[in-house]
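A.B. asks: got a structure for you, letters missing:
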């Protein structure tokens, strides 16, 4: 087993996210067609499902981490403004639109940080 890997921090709309976990999800839209089998051919069993892959791929990110207390309003303003924003992570810049964001305020610890979780879809505005 190798040593644990450090997860690089990210930025969203210029706000630093101290990442605890980043998940990059590829979701393909597939269509399946299963042809019927006539009763005369039931002995040969069901026919194979045909899969139609039109190469429609969505890329999503689910990120959990922390933000500085003072950055909450900056991030909320960017989300409420709508449209795509830059998400920088692991040396790459993605244009994303936020699907869901959760900012938690918990009992104060040594640092003045808030927990954050968001899901974002990559793409461009139309």
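C.D. replies: Great, that's in hand. If you're wondering where the values come from, they're calculated on a predicted model, not measured in any experiment. Residues are numbered from 1 along each chain as shown.
A.B. asks: show me where this protein dips below the pLDDT cut-off.
C.D. replies: Using pLDDT under 70 as the threshold, the predicted model of the chain has low-confidence ranges 1-5, 108-111.
A.B. asks: what are the boundaries of the strands in it?
C.D. replies: For the chain, the strands identified by DSSP state E occupy 10-12, 15-33, 50-68, 85-89, 92-104, 113-122, in order along the chain.
A.B. asks: among these, which comes closest to residue 43?
C.D. replies: For the strands of the chain, distance to residue 43 was read as C-beta to C-beta. The smallest value, 21.5 Å, belongs to strand 50-68. For the C-beta atoms, the positions are set from N, CA and C on the backbone; glycine is no exception.
A.B. asks: re the thing from before, deepest-packed of the strands of the chain, please.
C.D. replies: When the strands of the chain are scored by mean count of other C-beta atoms under 10 Å, the highest mean neighbour count falls to strand 10-12 (a mean of 20).
A.B. asks: for that strand, packing partners?
C.D. replies: Using 3 or more C-beta pairs under 8 Å, 6 or more residues apart in numbering; DSSP states H and E as the contact test, the elements touching strand 10-12 are strand 15-33, strand 50-68, strand 85-89.
A.B. asks: for residue 107, find the nearest of those strands.
C.D. replies: strand 50-68 (14.1 Å).
A.B. asks: can I get the strands of the chain in CSV with distance to residue 76?
C.D. replies: Output for the strands of the chain, formatted as CSV (distance: least, C-beta to C-beta, whole Å):
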stretch, distance to residue 76
strand 10-12, 11
strand 15-33, 10
strand 50-68, 11
strand 85-89, 12
strand 92-104, 8
strand 113-122, 11
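A.B. asks: so for residue 39, which of these sits nearest?
C.D. replies: Taking C-beta to C-beta as the measure, those were each checked against residue 39, and strand 15-33 came out nearest at 20.0 Å.
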